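[1] Generate coordinates for the sequence data below:
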Amino acid sequence: MSSSPNATATASGIVKIPRVLVVDAVVPLNTQLPSILTIPQDADFEWWFLAAFRTDSRMKVLITEAATQRAMIYSGSQQSSSSVFNGVFIDNLAGLVASNGAFPVAVPYVMPASRSYQHAFTDSSGAQNTVQLVYHGFALLQVAS
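    Numbering: from 1, shown residues only. The predicted structure follows:
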């Protein structure tokens, strides 16, 4: 098993180690800023909770899995040919740190090791917006049985 007293071993030879992954960005006023989250190569990441900090709520985020271009956020409405979907307001996606709330993921999502996720942050506040998106979960480490 694992030498860490806080690690959780599973029957499949995987040890779950608590891990937090962070996306930091300072988005200039009224612009879109891309930011990349790359999962560490030592283990897959099992995502359980999402928390956020932002200086203004008029911040949108759009998340895409880079290798497949698979969108993780979709628009449910028809977009006109002249409009662009910039994602969801961050307060609707993640629990705010100021409120001591992190949104749970209904079914934990496994993000493969070394995989990258594009985050497009769009500010419409008219001022610079600092944002931090925090993924809480577990590193899934393979152990010899």
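
[2] ok now the helix or strand containing residue 137, how far from the chain's centre?
    Here residue 137, judged by DSSP states H and E, is contained in strand 129-142. Put simply, strand 129-142 sits 6 Å off its chain's centre (Cα atoms, centre = their mean, to the nearest Å).

[3] got the contact list for stretch 85-97?
    Applying Cβ atoms under 8 Å, 6 or more residues apart in numbering, the external contacts of stretch 85-97 come out as 32, 49-54, 57-63, 73, 75, 79, 101-103, 120-122, 131-134. Where you see a C-beta, it was placed from the backbone N, CA and C, and this is true even at glycine.

[4] repeat for stretch 52-69
    Contacts of stretch 52-69 (Cβ under 8 Å, 6+ apart): 27, 36, 70-73, 85-91, 93-98, 115-125, 127-134.

[5] Quick one: buried ones out of those residues?
    Neighbour-count burial (16 or more other Cβ atoms under 10 Å) applied to the contacts of stretch 52-69 gives 27, 73, 86-88, 90, 93-96, 115, 117-123, 129, 131, 133-134.

[6] now, which of the residues you listed lie within helices?
    Counted as lying in helices by DSSP state H, out of these, are 90, 93.

[7] Excluding chain neighbours, what is closest to residue 18?
    residue 138 (6.1 Å; Cβ to Cβ, 6 or more residues apart in numbering).
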